[in-house]
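Engineer: fold the stuff below for me.
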Amino acid sequence: MRKLSEIKIGGKTVVVRELTVFQVEQQLAAMAGQEQPTTLDWLFAQDYMPQAVLEKITEVEMQTLLTEETTPSDLEPLYKEALKINPFLAGALSQMRKIATLMEGLGIPTGLELPPST
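Structural biologist: Sure thing, here's the model as predicted:
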């Protein structure tokens, strides 16, 4: 059975869903084809996940949650909850980062557009 959770972000209730294996596969493939990281990717992809994956998990476009006053710390609980509900996806993303780091160290292009580690 899929895990579900609800979290309030900026006064809006967001449902966080566990992705199916098929959906994880789709998201990992889509990440390889992403042209440019978004601002949220630069803020959260290294420690959590890319914006597109979070949008699939929540079925909410992140732009609908953002206002001029939204801070990264306002959004971080949503990213944390998404990882909590999707631990296997979190493991896959961690493995991808390790492989990308090894490949880059060998001078092999990865095709992944995850922001670099700081």
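
Engineer: tell me the contacts of the residue most central in space within the chain?
Structural biologist: For the chain, M49 is the residue whose C-alpha lies nearest the centre (Cα atoms, centre = their mean; 2.2 Å). Neighbour list for M49: Y79, A82, L83, L89, A90, L93 [criterion: Cβ atoms under 8 Å, 6 or more residues apart in numbering]. No exception for glycine: its C-beta is placed from N, CA and C like everyone else's.

Engineer: of these, grab the buried ones for ChimeraX.
Structural biologist: The buried subset of those, as determined by 16 or more other Cβ atoms under 10 Å, is captured in ChimeraX by this line:
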select :79,82,83,89,93
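
Engineer: among the contacts of M49, name the ones in helices.
Structural biologist: Residues of these located in helices (DSSP state H): Y79, A82, L83, L89, A90, L93.

Engineer: the last one: what's its closest spatial neighbour, skipping adjacent residues?
Structural biologist: Nearest non-adjacent residue to L93, counting by Cβ to Cβ, 6 or more residues apart in numbering: M49, 5.9 Å away.

Engineer: in which helix or strand would I find that neighbour?
Structural biologist: M49 is part of no helix or strand, with elements assigned from DSSP states H and E.

Engineer: can I get the helix or strand of the chain with the lowest mean pLDDT in PDB? Just the C-alpha atoms.
Structural biologist: When the helices and strands of the chain are compared on mean pLDDT, DSSP states H and E, helix 87-105 comes out lowest with a mean of 78. Output of helix 87-105 as PDB, limited to C-alpha atoms (Å, rounded to 0.1, in the frame of the first residue of the first chain):
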ATOM      1  CA  PRO A  87      13.100   6.300   1.400                       C
ATOM      2  CA  PHE A  88      13.900   4.000  -1.600                       C
ATOM      3  CA  LEU A  89      13.900   7.000  -4.000                       C
ATOM      4  CA  ALA A  90      16.200   8.800  -1.500                       C
ATOM      5  CA  GLY A  91      18.600   5.900  -1.600                       C
ATOM      6  CA  ALA A  92      18.500   5.800  -5.400                       C
ATOM      7  CA  LEU A  93      19.300   9.600  -5.600                       C
ATOM      8  CA  SER A  94      22.200   9.100  -3.100                       C
ATOM      9  CA  GLN A  95      23.600   6.300  -5.300                       C
ATOM     10  CA  MET A  96      23.200   8.400  -8.400                       C
ATOM     11  CA  ARG A  97      25.200  11.300  -6.700                       C
ATOM     12  CA  LYS A  98      28.000   8.900  -5.700                       C
ATOM     13  CA  ILE A  99      28.200   7.400  -9.200                       C
ATOM     14  CA  ALA A 100      28.100  10.900 -10.800                       C
ATOM     15  CA  THR A 101      31.000  12.000  -8.500                       C
ATOM     16  CA  LEU A 102      33.100   9.000  -9.400                       C
ATOM     17  CA  MET A 103      32.400   9.500 -13.100                       C
ATOM     18  CA  GLU A 104      33.300  13.200 -13.000                       C
ATOM     19  CA  GLY A 105      36.500  12.300 -11.200                       C
END
